[in-house]
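**Q** give the three-dimensional model of this entry:
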Amino acid sequence: MKQIVTIAVLIVTAATAATLLIQRSRERAASFEQVRSQNEELTRRLARLEQMLAARPLDRPDATRTAPFENLPSGSAPTRERSTQASIKATDADARKVAEHTERVQAGNAIVDRAIQAGRWSPADLAALDSATGGLSGAETAEMMARISAAINSDQVQLDMRPRP
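**A** Coordinates of the predicted model:
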């Protein structure tokens, strides 16, 4: 009789253990499925971002903007005469501002180009970019950061976060 009770206890224990193992296996499968689903969603989003970046002209920040006089009522857009008068009123300060802006854009793009060519992006590069692009619009700076981000994401550039002496 003792043997029968022992065998019955072993059978119940084995059945319980098997049930727990099956339950854990199902939980792991569900977790795995959730992770796989999240991975697919992130992959889709990344692909969409890469398409958006690839479709955007990076060296012409004004290319995605609308025409400057597109939304004005007819007759209020500048004529040749108005444009000529405005040109005459332009000062050397305006010309210097335009030149400075152009230099900042070129300097920022040069820093990004050098980092991509070197295959390395460091805190010093970020500081140089920040310094060079001071005064530029957020969109212009974001465009440069998008270039370096795309290069990092495509493994063309490695992050080098080691402190420099």
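
**Q** wait, doesn't residue 120 sit right on residue 157?
**A** Yes. Residue 120 lies in contact with residue 157 (Cβ atoms under 8 Å); the separation is 6.5 Å. C-beta here means a position set from N, CA and C on the backbone, and glycine is covered the same way.

**Q** comparing these two, which residue is more hemmed in?
**A** residue 157 (22 against 13; other Cβ atoms under 10 Å).

**Q** OK, contacts around the nearest residue to the more buried one once chain neighbours are set aside?
**A** Sequence neighbours aside, residue 151 is the residue nearest to residue 157 in space, at 4.2 Å (criterion: Cβ to Cβ, 6 or more residues apart in numbering). By Cβ atoms under 8 Å, 6 or more residues apart in numbering, residue 151 lies in contact with 115, 116, 121, 157.

**Q** any idea of the mean pLDDT for the helix or strand encompassing residue 151?
**A** According to DSSP states H and E, residue 151 maps onto helix 138-153. For helix 138-153, the mean pLDDT works out to 87.

**Q** buried residues in it?
**A** By neighbour count on 16 or more other Cβ atoms under 10 Å, the buried set for helix 138-153 is 140, 141, 143, 144, 145, 146, 147, 148, 150, 151.

**Q** of those, closest to residue 9?
**A** residue 150 (63.9 Å; Cβ to Cβ).

**Q** show the contacting residues for that closest one.
**A** Contact analysis of residue 150 by Cβ under 8 Å, 6+ apart lists 50, 53.

**Q** kindly provide the distance from it to residue 11.
**A** 61 Å (Cβ to Cβ, to the nearest Å).

**Q** repeat for residue 106
**A** For residue 106, the distance to residue 11 - Cβ to Cβ - is 80 Å.

**Q** then residue 110?
**A** Counting by Cβ to Cβ, the separation of residue 110 from residue 11 is 77 Å.

**Q** give me the more crowded residue out of the two.
**A** residue 110 (13 against 10).

**Q** am I right that the more buried one is in a strand?
**A** No. Using DSSP: H, G, I helix; E, B strand; the rest coil, the secondary structure at residue 110 is helix, not a strand.

**Q** roughly how far does residue 41 sit from residue 48?
**A** 11 Å.

**Q** secondary structure element for residue 136?
**A** Following DSSP H and E, there is no helix or strand that holds residue 136.
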